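> what follows is a predicted structure for the sequence shown.
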Amino acid sequence: RHESKTNPRLLFMEERDLLADPTRLPAAAAFPGYLQIDDARYRLRYRFEPGDRADGVTLQVPLEALPGLSGVALEWLVPGLLPDRIEALLRTLGKDQRKAMIPLAETARHLAGAAPATPEPLLSWLEKQLTTRGVRGVHASDFKPESLPAPLRLNVAVLDTNGRVIDQDRDLAALRKRRFGEAKAAAAAEPKAPLEREDVKQWDLGELPERVLVSRRGHAVNAWPALEDRGAHAALVLCGSPEQAARTHRAGVLRLLALAHKRELKRLWTRADVSTDIQLLFRSLTSDQTLEQAVALRTIERALAGRSLAIRDEAAFQETVAAAAPGLSRSHDETVALTQDILTRYGDLIPKLDASPPPAYEPSIQDMIRQLGRLLPPDVLTSTPWEWLIHIPRYLYGIDARLRKLAQSGLARDQANMQAFAKHATRYEKRAEEDAQQGRFTPALETYRWMLEELRISLFAQSLKTAMPISEKRMTKQWDQVVFGR
C-alpha cells in the first residue's frame, strides 16, 4: 500500500508479465489492426473467447465490398497466426505424409517465414514449397482446411450502413451465397460515380484505371471500371470484382470495335446473304440481338484472335481497330459458315426432340433437351469460346446419334450411361450455380464444362470420337484444378 503511493501502477500487469519469454513480444505487424486488400483497408478485430462465434480474428467488411473480397488474401489469416495455421494444416495430412516434416511446428515456422509478399492460393503454395524442400507426394487436395479450429480460420463479418454486423461466417463462399444478391442490389442503388457514363460509342475515355476506390454508404471499397456492352453502344460501369470486370470489359471493347468497323461489317453481312430460315432459327434462341449483330461481334473477335482485348487507353484501342481490319472478310466468312452449320443442325433436331416418345424414353429425351439448352444459350455465338464453338455441330450430331441408338432398343445402355454421367454433371452444376450467385468466374470450371460434352460423346456417340482423351481419371484431375487450383 505504501509502495503504491510512489508507484501507482504497481499492481497493474503488462503483456510481458504473462509471457514466458518477455523478449518475444508479438510485433504490431504480426497482429495488424487492418487487412489491406488491393486499395482498400478493412478492420480486423481480435477476441479470445473459446466457443464464441467471433473467437479468433474477424475481418469487418461493408456489404458492398463482399462480392469483390479476395478469398485468396483471407487464406493467410494474419502473420502472427500463420505458423499455427500452417502447422494445423500439416496435421490434417496422412501419417505417412507427415513423417518427412517432423517436427511439424518447426517446419510450419520455416514455411511461414517464406510467405510470399503477394498472396497466392495457400494450399497450392504449400504443395510447391514442400516439393521444393524435398517432401514428395503432398497435393493441395490432401489438406483439410475445413477441419481447422475456428481461431485458425478467418471470420468475415458483414456490416450495414450503421456499422452493425448483419451476418458473419468463416466460409466466405457460403457468406457470399447468402448475401450476394443483397450486396449487388445495394451497390446498384448507389448514385453513379463520376467515372461512370452511358452511351459510349467511341473511345473518348482517356486512360481507364484498372481499379478505383469509391465511397459506398460511407465505406471506401474497391471497384473495377469496365466497358459494358449495351447493344447499340457501350457504357462505362463499375464492377464489384476483377473477374466480373474482365468479362464485362471484353464484351464492351468488342462492341466499340464493331462500331468502329460498322460500315465494313454491314457490307460483309449483305454479301453473305444468310437465309431468312436461318435468321428465324436464331431468333428462336434470343430476341436480345439479331444474327447480324452476333456475327459482327464474333467476326471482330476472330479477326483479333490471340490479341488481348484488355484495352485501357485510346492509343491501344486505335491500334486494335487497325489490327482487326485485314482479317474481317475471312473471319466473317468463317463465322457465317459455322453459324449456319450450328443452326441447321439445331433446326433438324427440334422436331425429333418434340416428337412424343414412349414414356420409358422420357428421362433420356429430357436430358437431351437440357443438353441442347446448355449448348445453345441465347448468347451462344458471342459467349462460347471459339475453340469450343467449332465443336458444337459435333455435339448436336451426338444428340442425334443418341436418339437413333435409343430408338434401336438402346434404352438400358442409355440409362446406364446417364447414371455414369450424373456424378460429373451434378458437381459441375452445383459449382456453376455458386459461381453465378457470387459473380465469380473459374477458368478451370469452364474447361470442365466442355470436358463434360466430350464425356457425353464418349458415352452416347462413341463413333464421333472425342476432341481430347477423356477418362474418369482425367475428369477427377480437372475437378481438382477447379477446387484446389492445381
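Nice, I can see it. These figures come from a predicted structure and were not determined experimentally. Numbers count the residues shown, from 1 in each chain.
> strands of the stretch 301-450 of the chain, start to end?
For the stretch 301-450 of the chain, no strands are identified by DSSP state E, counting those that start in this stretch.
> check which helix or strand covers Asp96.
Using DSSP states H and E, Asp96 sits in helix 95-98.
> name the residues of that helix that are buried.
Of all the residues in helix 95-98, those buried under the rule 16 or more other Cβ atoms under 10 Å are 97-98. Yep, even glycine has a C-beta here, placed from its N, CA and C like the rest.
> who touches it?
With contacts defined as Cβ atoms under 8 Å, 6 or more residues apart in numbering, helix 95-98 is touched by 90-91, 104, 135, 137-138, 142.
> low pLDDT regions in the stretch 351-486 of the chain?
Low-confidence segments of the stretch 351-486 of the chain (pLDDT under 70): 485-486.
> filter the contacts of helix 95-98 down to the buried ones, PyMOL style.
A single PyMOL command suffices to select whichever of the contacts of helix 95-98 are buried according to 16+ other Cβ under 10 Å:
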select buried, resi 90+104+135+138+142
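> let's have the contacts of helix 95-98 in JSON lines, adding secondary structure, distance to Leu455 and pLDDT.
Below are the contacts of helix 95-98 laid out as JSON lines (DSSP: H, G, I helix; E, B strand; the rest coil; distance: Cβ to Cβ, whole Å; pLDDT from 0 to 100):
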{"residue": "Leu90", "secondary structure": "helix", "distance to Leu455": "36", "pLDDT": "95"}
{"residue": "Arg91", "secondary structure": "helix", "distance to Leu455": "37", "pLDDT": "95"}
{"residue": "Leu104", "secondary structure": "helix", "distance to Leu455": "40", "pLDDT": "94"}
{"residue": "Val135", "secondary structure": "coil", "distance to Leu455": "34", "pLDDT": "90"}
{"residue": "Gly137", "secondary structure": "coil", "distance to Leu455": "28", "pLDDT": "88"}
{"residue": "Val138", "secondary structure": "coil", "distance to Leu455": "29", "pLDDT": "91"}
{"residue": "Asp142", "secondary structure": "helix", "distance to Leu455": "26", "pLDDT": "90"}
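> straight-line length of stretch 78-94, end to end?
With Cα to Cα, to the nearest Å as the measure, the first residue of stretch 78-94 is 26 Å from its last.
> and what of stretch 379-394?
19 Å.
> need the longest strand for this protein.
Secondary structure assigned by DSSP state E gives strand 219-229 as the longest strand of the chain.
> give me phi/psi at Asp171?
phi -110, psi 100 (degrees, to the nearest 10).
> helix or strand next in line after the helix holding Asp96, which one?
By DSSP H and E, the next helix or strand past helix 95-98 is helix 104-113.
> elements contacting the helix or strand that comes right after that next one?
Beyond helix 104-113 on the C-terminal side, the first helix or strand identified by DSSP H and E is helix 122-132. Applying 3 or more Cβ pairs under 8 Å, 6 or more residues apart in numbering; DSSP states H and E, we find helix 122-132 packed against helix 82-91, helix 104-113.
> which secondary structure elements does the last one contact?
Put plainly, it is helix 104-113. So helix 104-113, by 3+ Cβ pairs under 8 Å, 6+ apart, packs with helix 82-91, helix 122-132.
> tell me how far Leu69 lies from Val61.
6 Å (Cβ to Cβ, to the nearest Å).
> pull up the overlap in contacts between those two.
By Cβ under 8 Å, 6+ apart, Leu69 and Val61 have these common neighbours: Val156.
> on that earlier part again, of all the helices and strands packed on helix 122-132, which one is nearest His261?
Judged by Cβ to Cβ, the one of the helices and strands packed on helix 122-132 that comes nearest to His261 is helix 82-91, at 52.2 Å.
> which residues outside that closest one are in contact with it?
By Cβ under 8 Å, 6+ apart, helix 82-91 touches 76-77, 98, 101, 104-105, 107-109, 111-112, 115, 122-123, 126, 143-145, 148-149, 152.
> list the buried residues of it.
For helix 82-91, burial by neighbour count (16+ other Cβ under 10 Å) applies to 82-90.
> now stretch 308-316
Result for stretch 308-316 [16+ other Cβ under 10 Å]: buried residues 309, 311-312, 316.
> ok, stretch 351-365 next?
The neighbour-count check on stretch 351-365 (16+ other Cβ under 10 Å) flags 357, 361, 364-365 as buried.
> before we move on, what about stretch 98-109?
In stretch 98-109, counting by 16+ other Cβ under 10 Å, buried: 98, 101, 104, 107-108.
> of all those, which two lie farthest apart?
With Cβ to Cβ as the measure, no two of these lie farther apart than Arg98 and Ala108, at 11.5 Å.
> can I get the helices and strands packed on helix 104-113 in CSV including distance to Gly347?
Converted to CSV, the helices and strands packed on helix 104-113 look like this (distance: least, Cβ to Cβ, whole Å):
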stretch, distance to Gly347
helix 82-91, 54
helix 122-132, 46
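> out of those, flag the one nearest Leu236.
Between the helices and strands packed on helix 104-113, helix 122-132 lies closest to Leu236; by Cβ to Cβ that is 35.1 Å.
> which residues touch that closest one?
For helix 122-132, contacts defined as Cβ under 8 Å, 6+ apart pick out 72, 75-76, 86, 89, 101, 111, 114, 116, 138-141, 143, 145, 484-486.
> which SSE is immediately downstream of the lowest-mean-pLDDT helix or strand in the chain?
Every helix and strand of the chain was ranked by mean pLDDT, DSSP states H and E. The lowest is helix 2-6, at a mean of 61. Reading on from helix 2-6 to the C-terminus, the next helix or strand found by DSSP H and E is strand 34-37.
> mind listing what's buried along that following strand?
35, 37.
> for whichever helix or strand comes after it, packing partners?
Note on strand 34-37: by DSSP H and E, the next helix or strand toward the C-terminus is strand 40-47. The helices and strands touching strand 40-47, judged by 3+ Cβ pairs under 8 Å, 6+ apart, are strand 34-37, strand 56-62, strand 219-229.
> so strand 40-47 versus strand 56-62, what angle?
Interaxial angle, strand 40-47 versus strand 56-62 (axes from the mean of the first three to the mean of the last three Cα atoms, to 10 degrees): 140 degrees.
> pLDDT (mean, whole number) over strand 40-47?
Here strand 40-47 scores 91 as its mean pLDDT.
> also stretch 228-243?
Computed over stretch 228-243, the average pLDDT equals 90.
> show me the shaky parts of the stretch 101-250 of the chain.
For the stretch 101-250 of the chain, the ranges with pLDDT under 70 are 217-218.
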